[in-house]
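J.: quick one: sequence and predicted model below, then my questions.
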Amino acid sequence: MALITMKFGGTSVGSPEAISTVTEIVRGSLSRNDQVIVIVSAMSGVTDQLIRSAQDAAGGNKWGYLSVGQKIRDRHDEVINLLTQPGKNRDAVKAEVAALVAQHGELCQAVNVLGEVTPRILDSIIAFGERLSARVIAAILRDQGVNSRAYDAGEFIITDDQYGSANPLWKETEANIRKQLLPQIANGVTPIITGFIAQTLDGHGTTLGRGGSDYSGAIFAAASDSDELIIWTDVDGVMTTDPRLDKRARVLPYISYQEIGELAFYGAKVLHPKTVQPIIDKNTVLRVRNTFNPSFEGTLIGAESRPADTVVKAVTTVKNVSLLTVSGRGMIGVPGIAGRTFLASARAGCNILMISQASSEQSFCFVVVADCASRVKDEIESELVEEIAHQDVDAVDVLDQVAIVTVVGAGMRGTPGIAGRVFSMMGSNRINVIAIAQGSSECSISFVIDQADLQRAVSTLHDLALEAVVPVAAAN
């Protein structure tokens, strides 16, 4: 008997047909005598609707948020009517859906009165999507003879009060899962748990950030000592690049924790960047599979790096970013400039995606999401006001319309000439490389280019992920 944590994304629960497939997958695993923890996202599009309802409420548009609530209720009622039989179970879940939609309306009404939506209230509003889908899916499974029960993840996952992107408190979270959830599973319950949401120690609702249901799945898998974590999504696995940029993209059968961490951080949408963090120490098997192609094994993700036919495994990208450069001849040998710059960026609430520094110390640059670039620039100029006045720092420049391209592969470590080939290929295709960064792990090379050159760069570099390594003996 194995304990398996399964996480299903928004598209996997986005329609009656998709949810029917989800329940078949869960029942199939139970029929093999596995125990299953199920983590579910909101139905596709619902979270965006809930965000819009909060904005409507803050703007005084009462009809807007009431209309959203009714549409969401109708959508869930349709699934219930199609996938459950008439009777007490159906009546009970429809009553739960109605009550949750009514709570949503009450929260929006409070926002309407206040005229603003705080991060804390927004977290509570957007949590309704997961709370609804968990109850509906649990009811459908009960209708099919499964002893299932819906849970709000806030019963188990405890976080700080960083609303919008909260951080788990591991000791409390693990204790809750072990003491409250595992005994239920031992008694034959199949839990259907909300992804993405949690709560603070004093009971206020929080969220783990957009896409955080993957992270939720990893938290439950790690704390429960699951034998396997399966991320069920709408693609066949982790791919060598974005198929929208190069149709030759193919599924990787295996990739390491380290490699998937680099890919997720640098733009691969298949996993939330934090997903691997909770399971690394537990050495939990992680697999990415396609809900709509369940016979395909997908991508296996494990601790060790395995030899591959190619040195480069994948090429990934981050679009809609800006490059900030801090420069000045007076910076040479002056300690603390970079540290203060990055602290200023943190105060602006922006995550730094990539850093590059000139060896002369006359300049360094870093990449942030484009939407917060001007805010970061203002915060840095405020922090370095004296240095700018004394002309130790000449300028804080922002370059927009750029993108990060990252080449990933554990086989790059110790393989001479990979960086040379990457940049030679860029030069041959007349693509200008603006800034370069390579991690000490040598698992990835990242660089910044003009966003207009992105598709051409990816298509060119993707050849390295498709090109078989020629053994030395054969080459001779």
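T.: Perfect, I can see it now.
J.: every contact and neighbour count from this point should use C-alpha atoms.
T.: Fine.
J.: list the buried residues of the longest helix seen in the chain.
T.: Scanning the chain for the helix with the most residues, using DSSP state H, yields helix 88-114. Buried residues in helix 88-114, counted by 16 or more other Cα atoms under 10 Å: 89-90, 93-94, 96-98, 100-102, 104-105, 107-109, 111-112.
J.: is the residue positioned nearest the centre of the chain in a helix, a strand, or coil?
T.: The centroid of the chain falls nearest to H272 when counting by Cα atoms, centre = their mean (2.2 Å). Here H272 takes the coil state, with states given by DSSP: H, G, I helix; E, B strand; the rest coil.
J.: contact partners for it?
T.: 211-212, 214-215, 264-265 (Cα atoms under 8 Å, 6 or more residues apart in numbering).
J.: wait, L122 touches Q55, no?
T.: No - using Cα atoms under 8 Å, L122 is not in contact with Q55, being 9.3 Å away.
J.: compare the two (neighbour count), which wins?
T.: Taking neighbours as other Cα atoms under 10 Å, L122 and Q55 compare with L122 leading, 24 against 21.
J.: following the one helix or strand the more buried one maps to, which helix or strand shows up next?
T.: Per DSSP states H and E: L122 is located in helix 119-126. Next helix or strand after helix 119-126 toward the C-terminus (DSSP H and E): helix 128-143.
J.: taking helix 88-114 as reference, get the angle to that following helix.
T.: Counting by axes from the mean of the first three to the mean of the last three Cα atoms, to 10 degrees, helix 128-143 lies at 170 degrees to helix 88-114.
J.: other SSEs contacting helix 128-143?
T.: helix 16-31, strand 35-40, helix 46-58, helix 62-83, helix 88-114, strand 148-151, strand 190-194 (3 or more Cα pairs under 8 Å, 6 or more residues apart in numbering; DSSP states H and E).
J.: these into a markdown table, with extra columns for distance to K282 and mean pLDDT?
T.: Listed next are the helices and strands packed on helix 128-143 as a markdown table, based on distance: least, Cα to Cα, whole Å; pLDDT from 0 to 100:
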| stretch | distance to K282 | mean pLDDT |
| --- | --- | --- |
| helix 16-31 | 22 | 98 |
| strand 35-40 | 17 | 98 |
| helix 46-58 | 31 | 97 |
| helix 62-83 | 37 | 97 |
| helix 88-114 | 36 | 97 |
| strand 148-151 | 24 | 98 |
| strand 190-194 | 21 | 98 |
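J.: include distance to R248 when you put those into a markdown table, please.
T.: A markdown table is the format used below for the helices and strands packed on helix 128-143 (distance: least, Cα to Cα, whole Å):
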| stretch | distance to R248 |
| --- | --- |
| helix 16-31 | 27 |
| strand 35-40 | 31 |
| helix 46-58 | 32 |
| helix 62-83 | 36 |
| helix 88-114 | 43 |
| strand 148-151 | 41 |
| strand 190-194 | 35 |
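J.: can you say which of these is nearest to L300?
T.: Closest to L300 of these is helix 16-31 (Cα to Cα; 17.8 Å).
J.: any weak-confidence spans in the chain?
T.: 307-308, 333, 359-361, 411, 413-414, 439-442, 468-476 (pLDDT under 70).
J.: residue ranges of each domain in it, please.
T.: 3-234, 314-475 (automatic domain parsing).
J.: of these, flag the one that's most buried.
T.: Highest mean neighbour count of the domains of the chain: domain 3-234, a mean of 20 (counted as mean count of other Cα atoms under 10 Å).
J.: so what would you say the end-to-end distance of it is?
T.: End-to-end distance of domain 3-234 (Cα to Cα, to the nearest Å): 23 Å.
J.: what's the offset of it from the middle of its chain?
T.: Taking Cα atoms, centre = their mean, to the nearest Å, the mean C-alpha location of domain 3-234 is offset from the chain mean by 16 Å.
J.: over to stretch 276-295?
T.: Put simply, stretch 276-295 sits 14 Å off its chain's centre (Cα atoms, centre = their mean).
J.: tell me which residues are up against it.
T.: 8, 12, 18, 21-22, 25, 215, 218-219, 221-222, 225-238, 257, 261, 296-303.
J.: these in strands, which ones?
T.: If you go by DSSP state E, those have 8, 228-233, 299-302 in strands.
J.: list the contacts for D74?
T.: Contacts of D74 by Cα under 8 Å, 6+ apart: none found.
J.: picking up where we left off before, redo the domains of the chain as JSON lines? Include distance to R287.
T.: Output for the domains of the chain, formatted as JSON lines (distance: least, Cα to Cα, whole Å):
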{"stretch": "domain 3-234", "distance to R287": "5"}
{"stretch": "domain 314-475", "distance to R287": "17"}
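J.: which stretches in the stretch 301-450 of the chain count as strands?
T.: Applying DSSP state E, counting those that start in this stretch to the stretch 301-450 of the chain gives strands spanning 314-327, 354-357, 363-369, 395-408, 433-438, 444-450.
J.: list the strands paired with the fourth one, with their directions.
T.: By that I understand strand 395-408. strand 314-327 (antiparallel), strand 444-450 (antiparallel) (DSSP bridges).
J.: of these, which approaches E467 most closely?
T.: strand 314-327 (11.4 Å).
J.: distance between the closest one and the chain's centre?
T.: 18 Å.
J.: alpha carbons of it, as CSV, please.
T.: What follows is strand 314-327, C-alpha atoms only, in CSV (Å, rounded to 0.1, in the frame of the first residue of the first chain):
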residue,chain,number,x,y,z
ALA,A,314,15.8,22.3,-21.8
VAL,A,315,15.5,25.9,-22.8
THR,A,316,13.1,28.2,-20.9
THR,A,317,12.2,31.9,-20.9
VAL,A,318,10.9,34.7,-18.8
LYS,A,319,9.1,37.5,-20.7
ASN,A,320,7.9,40.9,-19.6
VAL,A,321,10.9,41.8,-17.5
SER,A,322,13.1,44.8,-17.2
LEU,A,323,16.8,45.2,-16.7
LEU,A,324,18.0,47.7,-14.1
THR,A,325,21.6,48.9,-14.2
VAL,A,326,23.4,50.7,-11.4
SER,A,327,26.6,52.3,-12.6
